[in-house]
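**Student:** how would this look folded up:
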Amino acid sequence: MKNQFRAFSEHFNFAQNFLDKHKILDFSKPNLVLERTDDFELRQKILSIPYHKAKEHGLSKGTLWYMKQNAKKDKRFKIYKKVKERL
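**Tutor:** Residues are numbered from 1 along each chain as shown. This is a model prediction of the structure:
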């Protein structure tokens with residue numbers, strides 16, 4: 001019971017300090033612009049690279065294999081900036 005009260009007390013103090021500093025709580029939705037990194041052209045480019053030319057692009061065969069597996073699926077996938085620059 002003491003631990004629960006202490007946790008509640010700490011949260012309450014944090015909320016009080018936060019409200020004292022900011023005075024206003026803003027619950028408006030931020031304007032987000034999401035940009036896809038896996039467009040159709042990039043998928044086609046990944047699928048067209050043969051495994052024996054992976055090193056020319058600075059990629060390992062394993063990385064290229066996983067990228068091809070993801071490109072074949074209809075789901076979204078992430079490509080790291082460093083890898084994308086090499087394509």
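**Student:** from here on, just use CA atoms for contacts and neighbour counts.
**Tutor:** OK.
**Student:** where in this protein is pLDDT low?
**Tutor:** Applying pLDDT under 70 to the chain picks out residues 1-8, 16-26, 36-38.
**Student:** which parts of it are helices?
**Tutor:** 2-22, 40-48, 61-72, 81-86 (DSSP state H).
**Student:** next, count neighbours for Lys84.
**Tutor:** 11 (other CA atoms under 10 Å).
**Student:** please report how far it lies from Pro30.
**Tutor:** In this view, Lys84 and Pro30 are 28 Å apart by CA to CA, to the nearest Å.
**Student:** give me the phi and psi for the most centrally placed residue in the chain.
**Tutor:** By CA atoms, centre = their mean, the mean C-alpha position of the chain lies nearest to Lys78, the distance being 7.2 Å. Reported as degrees, to the nearest 10, the phi and psi values for Lys78 are phi -100, psi 140.
**Student:** same deal with Ser28?
**Tutor:** phi -70, psi 150.
**Student:** show me what contacts it?
**Tutor:** Shown in contact with Ser28 (CA atoms under 8 Å, 6 or more residues apart in numbering): no residues.
**Student:** what about it, distance to Glu41?
**Tutor:** 36 Å.
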